[in-house]
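Undergrad: What shape does this take:
(2 chains)
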2 protein chains.
Amino acid sequence: MENPAIQTEHCFSDAARAAVYQAIFSRRDVRGQFLPDPIPDEVLGRVLMAAHHAPSVGFMQPWNFLLVRSREVKQRVHDLFQAANAEAAQLFEGEKREIYSRLKLEGILEAPVNLCITCDRQRTGPVVLGRTHIKTMDLYSTVCAVQNLWLAARAEGLGVGWVSIFDQDKLQDALGIPRDIIPVAYLCLGQVSHFYQKPELENAGWLPRLPVEDLVFYDQWNQGAAPDEPLTDHLRRLQADLRQSGADLK
Amino acid sequence: MENPAIQTEHCFSDAARAAVYQAIFSRRDVRGQFLPDPIPDEVLGRVLMAAHHAPSVGFMQPWNFLLVRSREVKQRVHDLFQAANAEAAQLFEGEKREIYSRLKLEGILEAPVNLCITCDRQRTGPVVLGRTHIKTMDLYSTVCAVQNLWLAARAEGLGVGWVSIFDQDKLQDALGIPRDIIPVAYLCLGQVSHFYQKPELENAGWLPRLPVEDLVFYDQWNQGAAPDEPLTDHLRRLQADLRQSGADLK
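TA: Numbering: from 1, shown residues only, chains lettered A, B, ... in the order given. Prediction:
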């Protein structure tokens, strides 16, 4: 007899598994391709549910979802972005500053919906299972919610862009967020004209994609693969496949 | 003519979209259901590639993947968990302490592979595009890599458990991780006997799942939905569907 406490599906079908990888590999940080069309409420509901089903330390679910649809509030946030971005540009030099100044880094006004995902660190009191020693775990849980929403949005054909160039205190003031609540992510959401094949910063020559096999250590920090480590070949092959095919893993 | 810089697939098919939601809603934090069977290298390669394709601030890709397969290193990490967990138990009182002491919170020794995902905050120098104002963005990027891996693993039928009850300095010493590299997540990975339908902490009565509609604000912090806000009904219906069906959204 089936146990209702246990999931009936274990390993996904090949097609379902490929769909999950497709969302992961084809997700993009969208800045300049938002369309003005509204997001259907049903779709917005689904991506919020995806966020709410992220893992959370001690099951504390520390997140809130502050939807910004008001033109006036968006404008206020956009002004804050512009002030911070002017400061940011000064931190880069020479060619980097030129590239930086040409990059479009947000779609606050164009995206029909903005969404600030916050972390309420006191949601379930001061002592949280799993946060007793590493205090940032609740912030990390909130980021898991961001990533869930981002992948769900990609599957829905919705673009998401994470804007992080803000004075955090001023952003909180613009949204009325109390000081003890952390705005973890400010996102722009909307339908898009297209998704780029590669990340825009990779296309712009800002930085290259790192070879994954160089990032893997074995049993101790800085200990690379043994010469006969079979994982290295798999990683290289997957990387080559992905470079060739876009988002499909063979 | 097709533009090779642009993705050809925009909105996913219904089946592919459902698969992404299935991964999101059926993902579990696994502690006690690991099987000793090895993880095929090809599968391990794919989930690491999924992690490596997370969004990262300024495309800095600050992560490393420290795979732990040595029994001796796992034992050292397990000892650290036990010491920290004994301290943690003392922080809960009464019934909570009793429940706490009965919970299995890690599968370090049983899982064939442990994986520490770290953040190298200096990877691309001190000034990072998008991290100029909010300094934690690189840590958040690393968490996105964790969540990508977790969802890919679920689609592969692999369990993942995030263990966070450690003295962080001692964990770094056990793995040889320098002080300026942050161990963001210590994960246990492996095939599992089964996935639970609900999070274990929900099953154990530790905390309930929060109603998602209470977590959504509109344009300003603490501003709830207008009485005629259509999103509220969608969220309630999705929540009821999900409670009934497990991981399928109608």
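Undergrad: Using the three-state scheme, assign A:Ala185.
TA: strand (DSSP: H, G, I helix; E, B strand; the rest coil).
Undergrad: hey, what's it bridged with?
TA: A:Ile117 (DSSP bridges).
Undergrad: from memory it sits against A:Val146, does it?
TA: Yes - counting by CB atoms under 8 Å, A:Val146 is a contact partner of A:Ala185 at 4.6 Å. For the C-beta atoms, the positions are set from N, CA and C on the backbone; glycine is no exception.
Undergrad: shared neighbours, these two?
TA: A:Ile117, A:Trp162, B:Tyr140 (CB atoms under 8 Å, 6 or more residues apart in numbering or on different chains).
Undergrad: Helix, strand or coil: sort out the last one for me.
TA: B:Tyr140 falls in the helix class when you classify it by three-state DSSP.
Undergrad: got the contact list for it?
TA: Counting by CB under 8 Å, 6+ apart, B:Tyr140 has contacts A:Leu139, A:Val143, A:Val146, A:Val184, A:Ala185, B:Val57.
Undergrad: hmm, back to that, now the shared contacts of A:Ala185 and A:Val146 as TSV including distance to B:Leu109 and pLDDT?
TA: TSV is the format used below for these (distance: CB to CB, whole Å; pLDDT from 0 to 100):
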residue	distance to B:Leu109	pLDDT
A:Ile117	35	99
A:Trp162	37	98
B:Tyr140	30	98
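Undergrad: of the residues you listed, closest to B:Leu231?
TA: Nearest to B:Leu231 among the shared contacts of A:Ala185 and A:Val146, counting by CB to CB, is A:Ile117 at 15.7 Å.
Undergrad: how about the helix or strand hosting A:Leu80, does it reach chain B?
TA: Using DSSP states H and E, A:Leu80 sits in helix A:71-89. Yes - against chain B, helix A:71-89 shows contacts by CB under 8 Å from any CB of the partner chain at A:Val73, A:Ala84, A:Glu87, A:Ala88.
Undergrad: Of those residues, just say which sits nearest to chain B.
TA: A:Ala88 (4.1 Å; CB to the nearest CB).
Undergrad: So for the nearest residue to A:His52 once chain neighbours are set aside, what's the pLDDT?
TA: Spatially, and ignoring its direct neighbours in sequence, A:His52 is nearest to B:Val212 (4.6 Å; CB to CB, 6 or more residues apart in numbering or on different chains). Looking at B:Val212, its pLDDT is 97.
Undergrad: cool, A:Gln244 as well?
TA: With respect to pLDDT, A:Gln244 has a value of 87.
Undergrad: what does A:Ala247 give?
TA: Model confidence at A:Ala247, given as pLDDT, is 67.
Undergrad: and what of A:Pro62?
TA: The model's pLDDT for A:Pro62 equals 98.
Undergrad: So what's the residue count around it?
TA: Here the number of neighbours of A:Pro62 (other CB atoms under 10 Å in any protein chain shown) works out to 27.
Undergrad: what's it sitting at in phi/psi?
TA: phi -80, psi 0 (degrees, to the nearest 10).
Undergrad: and it, what is it in contact with?
TA: Per CB under 8 Å, 6+ apart, neighbours of A:Pro62: A:Ser56, A:Cys119, A:Asp120, A:Arg121, A:Arg123, A:Thr124, A:Asp138, A:Ser141, A:Thr142.
Undergrad: Among those, which pair sits farthest apart?
TA: The distance between the two most remote of these (CB to CB) is 13.8 Å, for A:Thr124 and A:Thr142.
Undergrad: quick one: which of these two has more around it?
TA: A:Thr142 (28 against 20).
Undergrad: thinking again about what came up before, the residue nearest to A:His52 and A:Leu48 touch, don't they?
TA: Yes - using CB under 8 Å, B:Val212 is in contact with A:Leu48, at 6.4 Å.
Undergrad: want to try a markdown table for the contacts of A:Pro62, with distance to A:Ala111 and pLDDT as columns?
TA: Compiled in a markdown table, the contacts of A:Pro62 are given as follows (distance: CB to CB, whole Å; pLDDT from 0 to 100):
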| residue | distance to A:Ala111 | pLDDT |
| --- | --- | --- |
| A:Ser56 | 26 | 98 |
| A:Cys119 | 22 | 98 |
| A:Asp120 | 25 | 98 |
| A:Arg121 | 28 | 98 |
| A:Arg123 | 28 | 98 |
| A:Thr124 | 32 | 96 |
| A:Asp138 | 27 | 98 |
| A:Ser141 | 25 | 98 |
| A:Thr142 | 20 | 98 |
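Undergrad: of those residues, list those near chain B.
TA: A:Thr124.
Undergrad: Could you single out the nearest of the contacts of A:Pro62 to chain B?
TA: Nearest to chain B among those, with distances taken as CB to the nearest CB, is A:Thr124, at 6.4 Å.
Undergrad: List the contacts of that closest one.
TA: Neighbouring residues of A:Thr124 by CB under 8 Å, 6+ apart: A:Gly58, A:Met60, A:Pro62, B:Leu207.
Undergrad: and the residue nearest the centre of chain A, what pLDDT?
TA: In chain A, the C-alpha nearest the mean C-alpha coordinate belongs to A:Gln147, at 4.4 Å (CA atoms, centre = their mean). At A:Gln147, the model reports a pLDDT of 98.
Undergrad: Was I right to think it contacts B:Asn148?
TA: Yes - counting by CB under 8 Å, A:Gln147 does reach B:Asn148; the two are 6.6 Å apart.
Undergrad: list the residues that contact both of the two?
TA: B:Ala54.
Undergrad: so what are the domain limits for chain A?
TA: Each domain of chain A is listed here as a residue range: A:28-205, A:210-250, per automatic domain parsing.
Undergrad: and these, which is most packed in?
TA: The highest mean neighbour count among these, using mean count of other CB atoms under 10 Å in any protein chain shown, belongs to domain A:28-205: a mean of 20.
Undergrad: ok so, going back, turn the residues of helix A:71-89 next to chain B into JSON lines, including distance to A:Glu200 and pLDDT.
TA: Output for the residues of helix A:71-89 next to chain B, formatted as JSON lines (distance: CB to CB, whole Å; pLDDT from 0 to 100):
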{"residue": "A:Val73", "distance to A:Glu200": "26", "pLDDT": "98"}
{"residue": "A:Ala84", "distance to A:Glu200": "19", "pLDDT": "98"}
{"residue": "A:Glu87", "distance to A:Glu200": "21", "pLDDT": "97"}
{"residue": "A:Ala88", "distance to A:Glu200": "16", "pLDDT": "98"}
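Undergrad: what stretches of chain A score poorly on pLDDT?
TA: Across chain A, the ranges flagged by pLDDT under 70 are A:1-2, A:247-250.
Undergrad: one more time with 50
TA: A:250 (pLDDT under 50).
Undergrad: All the strands of it, in order from the start?
TA: A:63-68, A:113-120, A:158-163, A:181-191, A:216-218 (DSSP state E).
Undergrad: Just send those back as CSV, with distance to A:Gln244 too.
TA: Shown next, in CSV, are the strands of chain A (distance: least, CB to CB, whole Å):
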stretch, distance to A:Gln244
strand A:63-68, 38
strand A:113-120, 34
strand A:158-163, 24
strand A:181-191, 29
strand A:216-218, 22
